[in-house]
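**Student:** I would like the atomic coordinates for the input below:
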Amino acid sequence: MITDVFCKIIKGDLKADIVWQDDDFLIINDIYPQAPVHLLIIPKKHVFGMHDAKAELLGKMMVVADKAAQKVGIHEKGYRLILNEGDHSGKLVPHLHVHLLGGKSLGPKIVK
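**Tutor:** Numbering: from 1, shown residues only. Got it, this is the predicted structure:
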């Protein structure tokens, strides 16, 4: 049985600040925001990472991310999507997810 933190949130065992959800995705506020808006787009079906993901799921995640940016009012000025994969990326949770950041000018890059 998969027991990562996102699966526990999806199952209802842990609380989270839910922004939006449908049958396939859950969107929550990141508990350690790196921008005024920092959302996590999480598939409800457990997917470890890119190597497990199907193109259809990844495409749908991008569409859902854009809709989330519209919902929270950052679509017009722009936003950044980040998908960390593997040990060197800093991925902390073994469950595919996309970070959506915005609400201020993020500059050309985050990591220096």
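
**Student:** quick one: mean pLDDT for the helix ranked longest in the chain?
**Tutor:** Using DSSP state H to define each element, the chain has its longest helix at helix 55-71. In this model, helix 55-71 carries a mean pLDDT of 97.

**Student:** could you list the low-pLDDT ranges of the protein?
**Tutor:** 1, 110-112 (pLDDT under 70).

**Student:** quick one: the strands in it?
**Tutor:** In the chain, the strands defined using DSSP state E lie at 18-21, 25-29, 37-43, 79-82, 98-102.

**Student:** in a markdown table: the ones you listed, plus distance to G12.
**Tutor:** C-beta here means a position set from N, CA and C on the backbone, and glycine is covered the same way. Converted to a markdown table, those look like this (distance: least, C-beta to C-beta, whole Å):
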| stretch | distance to G12 |
| --- | --- |
| strand 18-21 | 11 |
| strand 25-29 | 11 |
| strand 37-43 | 14 |
| strand 79-82 | 27 |
| strand 98-102 | 22 |
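
**Student:** and D24, how many neighbours?
**Tutor:** 13 (other C-beta atoms under 10 Å).
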